[in-house]
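> please find the sequence and the predicted model below.
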Amino acid sequence: MSTPARPPRRIAVLGGGVWGTALANLAARAGAQVVLWTRDPAHAAEIAATGFNARRLPGVPLLANVTATSDLALIQGADIVLLAVPAQTLRETATRARPHIAAHVPVIICAKGIERATGLFMSDVIAQTLPDNPPAILSGPSFADDVARGLPTAVTLAARDAEGAEALAAAFAAPWFRLYHTADIRGVEIGGSVKNVLAIACGIAAGRGLGQSAGAALIARGFAELTRFGRALGADPGTLMGLAGLGDLVLTCGSTQSRNYSFGWALGQGVSVEDAQAAAGTVEGAQTCGILVELARRQGVDMPIAQAVESVLTGRASVEDAITALLARPAKAEARF
C-alpha cells in the first residue's frame, strides 16, 4: 500500500514589500501554497487582480500558488511564517498575527535591525510576542530583485538547532538560491543590523566623491567595528566572517541597489537628512543607528564609523565635520579588532 503524499506546505509571508514578494515566489516554486499578507487592502486587491506586485517588484509575475490578502485570519494553518516587515514594525505585526499562528510553528525573521525603543534584537522581540513559536533568522548578501529573477544568491538561515535550520532551509531551496544554516542566531542578527549603518557611511563617502580607496577603507574598518561589537555580544567570529556578516557588508556597502547606501549617497551629495529619508522610504540603517551606538557604548565597544553616521543623522555634525573627525583619529596598530 502506497504512503499518502504529504500535502503541500502552507507558508505565510507577512509583508508585501519587495523582499516579502520575492520570498513568496521562492516558496511557491518549491511547491508550497503561499499566503502573501500586506496591511493595505487596496495593495492586496491590486496584487490579486493583476498577479503582479507592481508597486514593489514590477515585471515579476507571482506564481499561481501565491494568494495576496490583507486579512491576517487567512494565515491560519501555516506550517511556516515569514516576517518580512521593517524591523521597527516587527513587534506590532507579530502581535497582530499571534492569534492566527499555531503553537510551535517556526517564525522566520527577515528584518535586519535593532528595536529602537527597547534595544532588543528581532529574535528577542519574537520571544516576547510569540513565545510559543521558535524564531529563525534569514540574512545574507541578497538583493530581492536578484532572487526574484533567479540570479545566483547564497544566504544564511539561523535557528537554535542545526536540524531545525536545515529543515527550514529546504522549504526555500532553489538551484539559484543556496541556504547555509547555523545555530548562531545572535551573530546573524548582528551582521544584518550593523552592516546597514556602515552602508550609510560608505554611501556618504561615495556621494562626497572621496574615491574607491576611501570606500575600501570604510568597509575594512567598518568590519572591524562589526566584529568588535559581535564578539562583545557573544557572536561566533566565524559567523561574522561569513555570508551574514562580511558577505552582506560587502554587498550593501557598494551598490546603489542598497537603500542604505543610496540614502548615504544622497547625504554625501548635500541632500538633507529629512529629504533623503523622504525619498528613500524605510532606511533600516538610519532606524538602527542610534540604538546601535548606545548599545556599543554600554558594552564599551569603540565604533567610530557608526558614531560618525549617528552624529550626521542627528544633526550634531555636518558630513564634512564627521569626515574630518574620522580622519583626525590617531593612527594605531591594525592587528587586533
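Good, I have the coordinates.
> tell me which residues of stretch 250-264 are tucked away?
251-254, 258-264 (16 or more other Cβ atoms under 10 Å). C-beta: built from backbone N, CA, C; applies to glycine.
> tell me what the lowest-mean-pLDDT helix or strand in the chain is packed against?
When each helix and strand of the chain is scored by mean pLDDT, DSSP states H and E, helix 162-170 comes last, with a mean of 83. With contacts taken as 3 or more Cβ pairs under 8 Å, 6 or more residues apart in numbering; DSSP states H and E, helix 162-170 sits against strand 135-139, strand 153-159, strand 177-182.
> tell me which of those strands is the most buried.
Among these, strand 135-139 has the highest mean neighbour count (mean count of other Cβ atoms under 10 Å), at a mean of 26.
> tell me, what residue is most central in the protein?
Nearest to the mean C-alpha position of the chain, counting by Cα atoms, centre = their mean, stands Lys112 at 3.1 Å.
> need the pLDDT of that one.
The score at Lys112 is 96. That number is its pLDDT.
> try Val107
97.
> what do you get for Pro330?
pLDDT, read off for Pro330, is 78.
> next one: phi and psi at it?
Here is the backbone geometry of Pro330 (degrees, to the nearest 10): phi -60, psi 140.
> what's the distance between it and Val312?
Pro330 sits 22 Å away from Val312, taking Cβ to Cβ, to the nearest Å as the criterion.
> go on, Met303?
According to Cβ to Cβ, Met303 and Val312 sit 14 Å apart.
> repeat that for Ala244.
Note on Ala244: its distance to Val312, by Cβ to Cβ, is 26 Å.
> which one of the two has more residues nearby?
Ala244 (31 against 25; other Cβ atoms under 10 Å).
> determine the longest helix present in this protein.
As assigned by DSSP state H, the longest helix anywhere in the chain is helix 185-207.
> now the element after that one, going C-ward?
Per DSSP states H and E, the first helix or strand lying C-terminal to helix 185-207 is helix 212-232.
> mean confidence score for the longest helix of the chain?
So the average pLDDT for helix 185-207 ends up being 97.
> re the thing from before, as a markdown table, the helices and strands packed on helix 162-170 with mean pLDDT and distance to Ala64 would be great.
A markdown table is the format used below for these (pLDDT from 0 to 100; distance: least, Cβ to Cβ, whole Å):
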| stretch | mean pLDDT | distance to Ala64 |
| --- | --- | --- |
| strand 135-139 | 97 | 24 |
| strand 153-159 | 96 | 23 |
| strand 177-182 | 93 | 20 |
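> out of the ones you listed, nearest to Ala32?
strand 177-182 (14.0 Å; Cβ to Cβ).
> what's that closest one packed up against?
If you count contacts as 3+ Cβ pairs under 8 Å, 6+ apart, strand 177-182 packs onto strand 153-159, helix 162-170.
> change it to 10 Å
When contacts are defined as 3 or more Cβ pairs under 10 Å, 6 or more residues apart in numbering; DSSP states H and E, strand 177-182 packs onto helix 18-29, strand 135-139, strand 153-159, helix 162-170.
> list the contacts of the closest residue to Gly150 other than its chain neighbours.
Once flanking residues are discounted, Gly150 sits nearest to Trp176: 5.0 Å by Cβ to Cβ, 6 or more residues apart in numbering. Applying Cβ atoms under 10 Å, 6 or more residues apart in numbering to Trp176 gives the contacts 26, 146-147, 149-154.
> how about a cut-off of 8 Å?
Shown in contact with Trp176 (Cβ atoms under 8 Å, 6 or more residues apart in numbering): 147, 150-153.
> just Leu62 next, same as before
By Cβ under 8 Å, 6+ apart, the contact set of Leu62 is 21, 24-25, 28, 36, 47, 51-53, 68.
> farthest-apart pair in those residues, please.
Pairwise distances across the contacts of Leu62 (Cβ to Cβ) peak at 14.1 Å, for the pair Ala28 and Phe52.
> who has more neighbours out of these two?
The residue with more neighbours, out of Ala28 and Phe52, is Ala28; 21 against 16, by other Cβ under 10 Å.
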